[in-house]
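**Student:** I'd like to go over a predicted model; first the sequence, then the structure.
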Amino acid sequence: MTQLSQFDDDERDLLLDTPGVVLKGAIVADGSTSPLVFLKEVTAGARVFKQAQRHENAFVKSVALALKHRGLDEDSELPVTEEAMPQALKLAREASALLREKADPEDAAVYTGWLLHLATEVASAVKSREGGLLSRKVAISEGERLFLEDLERALNG
């Protein structure tokens with residue numbers, strides 16, 4: 001079983017920073033700057049983090065509990081720049097590679113699956129109209145779909 005204590009400080013920071021950055025990337029993927037959309041997406045992300053505190057995988061649970069104890073030291077403003085998505089993909093790629101190198105394969109797979117689940121829940125938190133006012137609503141916008149595909153590729157190395 002993988003323990004957070006087996007990683008040095010920088011590695012542990014990477015593993016703990018990545019979920020929050022993935023959350024931000026998923027939030028900006030739809031291109032919306034609406035405070036209501038932001039609130040719904042953050043709420044969906046918070047729900048995933050809370051569920052992870054009771055996760056059946058001990059490693060994911062330990063990450064979620066470490067995040068809870070770490071607190072919210074980052075600003076919680078709407079990340080309005082597109083920079084959040086490339087940063088999320090970069091950290092996801094690095095965290096995934098680190099876990100493939102140093103963690104139990106099952107723990108690595110569950111952690112990366114949890115990150116993808118987090119982004120998917122955030123992306124599907126608000127239905128949007130892709131083609132304008134008269135178009136049908138979709139659960140995941142084209143921008144969110146592309147981000148999720150890129151994230152999955154980054155996580156699978």
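**Tutor:** Looks like it arrived, so ask away. If you're wondering where the values come from, they're calculated on a predicted model, not measured in any experiment.
**Student:** Do a quick rundown of the strands in the chain.
**Tutor:** 128-129, 137-138 (DSSP state E).
**Student:** Mind telling me which of those strands the model trusts least?
**Tutor:** Mean pLDDT per stretch puts strand 128-129 lowest among the strands of the chain, at a mean of 62.
**Student:** In this structure, where is pLDDT below threshold?
**Tutor:** Within the chain, the segments meeting pLDDT under 70 span 72-80, 128-138.
**Student:** Next, name the residue at the spatial heart of it.
**Tutor:** Centrality entry for the chain: nearest residue to the mean C-alpha point is residue 22, 3.2 Å, by Cα atoms, centre = their mean.
**Student:** can you tell me which residues contact the residue nearest to it when sequence neighbours are not counted?
**Tutor:** Using Cβ to Cβ, 6 or more residues apart in numbering and skipping residues adjacent in sequence, the residue nearest residue 22 is residue 88, 4.8 Å away. In this view, the C-beta of every residue, glycine as well, is placed from N, C-alpha and C. Neighbouring residues of residue 88 by Cβ atoms under 8 Å, 6 or more residues apart in numbering: 18, 21-22, 24-26, 119, 147, 151.
**Student:** likewise residue 54?
**Tutor:** Residue 54 touches residue 61, counting by Cβ under 8 Å, 6+ apart.
**Student:** Against residue 44, how distant is it?
**Tutor:** 17 Å (Cβ to Cβ, to the nearest Å).
**Student:** cool, residue 8 as well?
**Tutor:** 32 Å.
**Student:** Now do residue 60 against residue 44, distance only.
**Tutor:** From residue 60 to residue 44 the distance is 18 Å (Cβ to Cβ).
**Student:** more crowded one of the two?
**Tutor:** residue 60 (23 against 20; other Cβ atoms under 10 Å).
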